[in-house]
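**Student:** Please find the sequence and the predicted model below.
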Amino acid sequence: MVMSKRDQHSLFLTLDSLVPEKHPYRQLDQVISFSELSAPYQSLYSAKGRKEKGVEFGLRTLVLQFMEDLGDREMERYLQENKAGKWFCDVGLGEKIPDHRYFGDCRKRLGTERLMDVFSLVRDSLNLLIAISVFVIEV
């Protein structure tokens, strides 16, 4: 019996190995400290009740959703199918993705003012990345 390539498994396959070193999400991950960005909002998530993905995951998904210009249902599918998106949001290869309602709930939980603060910091980080890139190219 011949096994198709889709059925073959590798014991040493990691999500990190599937995302190219120069991928833009890797660069973004180096420039933005999501752990620091999410720290002020930790109190929005309770340790009690149902298991939550956490505020850092929420911020990563919202930034990715904005950058890729995706609706909530599109974002759900994107994370199911895109290995670089999974890597950026720190989702395992076989891990279940929250459904589309999660993204709206996350935005609602953060609120407009906090979202504006988050995206201002992200914008500043991206401007820094662009400035560094231009400087390196010119030198």
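**Tutor:** It's in. Treat the numbers as computed from the prediction; the structure is a model and nothing was measured. Numbering: from 1, shown residues only.

**Student:** Relative to the whole chain's centre, how far out is stretch 60-71?
**Tutor:** On the basis of Cα atoms, centre = their mean, to the nearest Å, the separation between the geometric centre of stretch 60-71 and that of its chain is 8 Å.

**Student:** Can you list the buried residues in that stretch?
**Tutor:** 60-65, 70 (16 or more other Cβ atoms under 10 Å). C-beta: built from backbone N, CA, C; applies to glycine.

**Student:** Among those, which one sits closest to T112?
**Tutor:** L62 (12.7 Å; Cβ to Cβ).

**Student:** Show me what the helix or strand that closest one falls within is packed up against.
**Tutor:** When secondary structure is defined using DSSP states H and E, the element that contains L62 is helix 55-68. Contact partners of helix 55-68 among helices and strands, from 3 or more Cβ pairs under 8 Å, 6 or more residues apart in numbering; DSSP states H and E: helix 24-31, helix 34-38, helix 72-81, helix 83-88, helix 101-138.
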